[in-house]
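Peer 1: no sequence on this one, just coordinates:
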């Protein structure tokens with residue numbers, strides 16, 4: 001396939017669900033520059049009516065050079081542009097999620113330790129079809145294939161300057177065979193309208209708005225009682241192709257049409273659950289995972305390590321296990337107090353600096369999983385017996401469950417940063433990095449702001465900006481562990497799913513010093529051609545999907561290789577249904593020790609938060625500083641910001657009511673949002689992240705902050721004068 005003259009960016013886009021309107025002035029857009037939003041304090045993620053804003057994705061068309069590298073966005077004055085989007089939801093059609101099926105396959109990349117397979121740490125578990133009573137009748141008697149109707153696959157939808165906005169009208173069960181759904185007719189139920197999003201032409205660009213977060217059972221008496229697999233249920237998550245047709249308006253090529261439909265020029269869109277903490281990033285991101293899938297080598301450099309440190313440090317805003325002790329935050333703050341923070345980036349004096357790096361390195365779990373004796377995560381299928389001899393080792397970082405959570409006692413119950421990150425952590429420990437001589441940071445936030453400035457400078461380069469768009473999207477997604485995950489899952493860690501996964505630019509920023517951050521990649525989904533799609537769109541593995549099916553599918557000439565030719569709906573079909581069950585299921589994980597408190601994917605689905613009420617008390621000038629320090633340290637279970645009830649880890653009993661309530665309360669749970677606060681208490685930073693929920697809450701916070709700041713500053717000056725008088729006395 002030749003290098004494309006034009007490409008769509010970002011190459012992978014993410015739109016998130018919300019029940020707010022699909023209007024560009026009432027949504028949040030996916031970030032276009034990595035780290036761009038980390039320190040914003042004026043964002044509102046709720047509408048004035050208290051609705052959860054959608055996160056929309058904007059797509060651009062870029063002209064490329066002969067090597068296929070982007071040069072500049074095209075000017076809509078020069079072209080007639082027609083955008084086309086084809087998406088689907090295949091969740092009810094696909095298989096139950098038990099665990100990641102690639103755990104039984106030796107992967108030749110930097111994402112999975114070979115010990116998973118060699119030591120059978122967490123073998124893949126076979127899975128049966130969702131909705132197993134809906135049968136494929138064609139092989140038996142030539143009758144209709146009812147399972148096809150489990151796929152919500154609207155026709156492709158197009159917009160242009162002449163027709164600027166369209167809803168992607170979907171239906172479940174779908175009407176594949178006639179004007180009515182045979183499945184709905186057989187069940188004596190009505191087809192449900194389940195739209196999958198809205199698209200809009202906007203001055204040559206395309207805006208994709210996620211759907212409204214709708215989910216339900218065809219039979220209203222059916223409850224969602226499982227974290228991922230609920231037959232008879234549907235939701236409005238989707239994914240699919242974004243293509244375009246451009247026609248020259250002027251010059252010698254006037255009237256010439258170019259189709260951006262092949263895998264190297266088209267893009268892919270996926271919709272996902274809301275990101276309830278949009279300014280907090282996962283410790284291991286999808287971008288890290290995609291870089292690991294390519295199996296490349298990197299020159300050791302500080303920017304390969306610090307981002308992971310900073311992401312883990314900021315998890316304190318969404319998870320108690322990362323706020324209290326032991327925690328990475330506690331370790332770093334201790335270094336700051338002792339005047340040793342400089343050894344994060346400084347190599348001299350060698351003995352002291354090496355000791356600090358070694359102590360941090362030892363905190364992290366080895367992704368090779370040498371057999372250890374960390375605490376066991378309980379299962380809902382264990383008998384009541386003490387795990388004699390378990391849990392005698394200290395829990396290592398990160399304090400999150402991993403892919404092997406279904407196997408109590410397996411070291412793979414716990415998440416380890418992928419080998420690509422661990423190798424750079426080793427290099428950092430060994431002093432294999434350089435530091436600009438100007439570095440003089442006092443704390444993590446100073447250093448984080450500096451690295452943010454590098455991304456912002458890089459975005460001024462028009463050739464780098466489109467690649468940064470893709471990276472910015474992928475850095476908001478979790479890159480493991482996968483059970484099944486938050487947005488996209490384990491197939492993403494294998495290069496087979498990409499038509500292209502190449503280093504486009506080794507350096508994110510080049511200046512006096514160069515910064516890699518694992519570079520800028522050209523990443524394109526391995527989309528099926530229209531002919532391939534017509535043949536494989538409804539393919540599956542029969543009644544049961546086995547690890548052996550996945551192993552065979554990875555062989556290029558095997559007939560099962562269709563699994564890696566992606567059609568609409570294939571990226572999200574592995575995820576839980578309805579999405580609310582999985583989103584609410586994975587909260588705190590209680591083991592035998594009180595500290596630390598492990599949790600799941602807190603960067604997107606918080607676990608413990610600073611609630612809105614506490615924020616208003618911090619603004620109150622009449623409350624004593626000592627009391628405010630206690631208020632700040634007192635965190636609330638995230639799900640308790642709405643009336644969901646307790647859910648917690650899905651192996652624990654008594655969480656079913658919470659699962660059910662999550663379907664109706666998902667839009668009322670707090671959105672963790674940055675706010676500036678200036679109070680004379682050393683332990684409270686100037687920017688804090690607060691969980692806001694409810695009508696007018698974000699607007700109220702801004703007004704109260706504006707009113708309170710003068711009083712706080714006056715109090716700060718008074719406190720300073722008192723301290724000086726005390727010192728003189």
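Peer 2: Arrived safely. Nothing here was measured: the structure is a model prediction, and the numbers come from that model.

Peer 1: Least confident secondary structure element in the chain?
Peer 2: Among the helical and strand segments of the chain, the one scoring lowest on mean pLDDT, DSSP states H and E is helix 697-728, with a mean of 54.

Peer 1: Need the residue closest to the centroid of this structure.
Peer 2: Among the residues of the chain, the one closest to the centroid is residue 477, at 2.1 Å (CA atoms, centre = their mean).

Peer 1: Let me see the contact set for the nearest residue to that one once chain neighbours are set aside.
Peer 2: Nearest in space to residue 477, with sequence neighbours left out and distances taken as CB to CB, 6 or more residues apart in numbering, is residue 286 at 3.7 Å. Where you see a C-beta, it was placed from the backbone N, CA and C, and this is true even at glycine. Residues near residue 286 by CB atoms under 8 Å, 6 or more residues apart in numbering: 474-475, 477-479, 487-488, 492.

Peer 1: how close does residue 286 get to residue 365?
Peer 2: Between residue 286 and residue 365 the distance is 20 Å, computed by CB to CB, to the nearest Å.

Peer 1: do the same with residue 498
Peer 2: The value you get for residue 498 to residue 365, if CB to CB is used, is 28 Å.

Peer 1: How about residue 165: what's its closest non-neighbour residue?
Peer 2: residue 200 (4.7 Å).

Peer 1: Which strands and helices lie in contact with the helix or strand harbouring the one you found?
Peer 2: For residue 200, the element it lies in under DSSP states H and E is strand 198-202. Counting contacts by 3 or more CB pairs under 8 Å, 6 or more residues apart in numbering; DSSP states H and E, strand 198-202 packs against strand 79-88, strand 157-160, strand 165-167, strand 205-209.

Peer 1: Now do the helix or strand following the shortest one, average pLDDT.
Peer 2: Which is strand 165-167. Going down the chain from strand 165-167, the next helix or strand is strand 171-172, by DSSP H and E. On average, the pLDDT along strand 171-172 is 96.

Peer 1: now the end-to-end length of stretch 475-489.
Peer 2: Using CA to CA, to the nearest Å, the end-to-end distance of stretch 475-489 comes to 14 Å.

Peer 1: average pLDDT for that stretch?
Peer 2: 95.

Peer 1: and that stretch, how far from the chain's centre?
Peer 2: Here stretch 475-489 shows a centroid-to-chain-centroid distance of 6 Å under the convention CA atoms, centre = their mean, to the nearest Å.

Peer 1: And stretch 400-416, by the same measure?
Peer 2: Using CA atoms, centre = their mean, the offset of stretch 400-416 from its chain centre is 20 Å.

Peer 1: before we move on, what about stretch 352-367?
Peer 2: How far stretch 352-367 lies from its chain's middle: 27 Å, per CA atoms, centre = their mean.

Peer 1: again with stretch 498-512
Peer 2: Centroid displacement of stretch 498-512 relative to its chain, using CA atoms, centre = their mean, is 21 Å.

Peer 1: What of stretch 79-88?
Peer 2: Using CA atoms, centre = their mean, the offset of stretch 79-88 from its chain centre is 25 Å.

Peer 1: What lies in contact with it?
Peer 2: 59, 61, 74, 151-161, 168, 196-197, 199, 201, 204, 206, 208, 238-249, 269, 271, 567-569.

Peer 1: what do you get for stretch 328-336?
Peer 2: 309, 312-313, 315-316, 322-324, 341, 343-344, 356, 359-360, 363, 397, 442-444.

Peer 1: contacting residues around the residue nearest to the centre of the chain?
Peer 2: Residue 477 touches 14, 272, 282, 285-287, 486-488, counting by CB under 8 Å, 6+ apart.

Peer 1: just residue 64 next, same as before
Peer 2: For residue 64, the contact set (CB under 8 Å, 6+ apart) comprises 3-7, 70-71.

Peer 1: can you do 6 Å?
Peer 2: 5, 7, 70 (CB atoms under 6 Å, 6 or more residues apart in numbering).

Peer 1: what do you get for residue 404?
Peer 2: Neighbouring residues of residue 404 by CB under 6 Å, 6+ apart: 121-122, 410, 412-413.

Peer 1: Turn these into a markdown table, columns for neighbour count, distance to residue 462 and secondary structure.
Peer 2: Shown next, in a markdown table, are those (neighbours: other CB atoms under 10 Å; distance: CB to CB, whole Å; DSSP: H, G, I helix; E, B strand; the rest coil):
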| residue | neighbour count | distance to residue 462 | secondary structure |
| --- | --- | --- | --- |
| 121 | 20 | 46 | coil |
| 122 | 23 | 45 | coil |
| 410 | 22 | 49 | coil |
| 412 | 25 | 44 | helix |
| 413 | 25 | 46 | helix |
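
Peer 1: closest to residue 32 among these?
Peer 2: residue 412 (36.0 Å; CB to CB).

Peer 1: shouldn't that closest one be in contact with residue 121?
Peer 2: Yes - using CB atoms under 6 Å, residue 412 is in contact with residue 121, at 4.2 Å.

Peer 1: Need the overlap of contacts for these two.
Peer 2: With CB under 6 Å, 6+ apart, residue 412 and residue 121 have common neighbours 369, 404.

Peer 1: Go through stretch 568-584 and flag the buried ones.
Peer 2: 568-584 (16 or more other CB atoms under 10 Å).

Peer 1: Could you do stretch 519-534 as well?
Peer 2: Applying 16+ other CB under 10 Å to stretch 519-534 flags 519-528, 533 as buried.

Peer 1: rewinding a little: out of the contacts of residue 477, who's nearest residue 468?
Peer 2: Closest to residue 468, out of all of these and judged by CB to CB, is residue 287, at 10.8 Å.

Peer 1: Compute the number of surrounding residues for that closest one.
Peer 2: Using other CB atoms under 10 Å, the number of residues around residue 287 comes to 24.

Peer 1: which residue packs closest to it, ignoring adjacent ones?
Peer 2: In space, and not counting its chain neighbours, residue 287 is closest to residue 474: 3.9 Å by CB to CB, 6+ apart.

Peer 1: Check whether that neighbour really touches residue 289, as I assumed.
Peer 2: No - contact criterion CB under 6 Å: residue 474 and residue 289 do not qualify, at 8.5 Å.

Peer 1: Can you list the residue ranges for strands in the stretch 201-350 of the chain?
Peer 2: For the stretch 201-350 of the chain, the strands defined by DSSP state E, counting those that start in this stretch occupy 205-209, 215-217, 233-235, 239-248, 257-260, 267-272.

Peer 1: For the third one, what does the pLDDT average out to?
Peer 2: Okay, so that is strand 233-235. The predicted model assigns strand 233-235 a mean pLDDT of 97.

Peer 1: The longest one too?
Peer 2: Taken as a whole, strand 239-248 has an average pLDDT of 98.

Peer 1: Next, residue 149: secondary structure please.
Peer 2: Residue 149 falls in the helix class when you classify it by DSSP: H, G, I helix; E, B strand; the rest coil.

Peer 1: how far away is it from residue 541?
Peer 2: According to CB to CB, residue 149 and residue 541 sit 19 Å apart.
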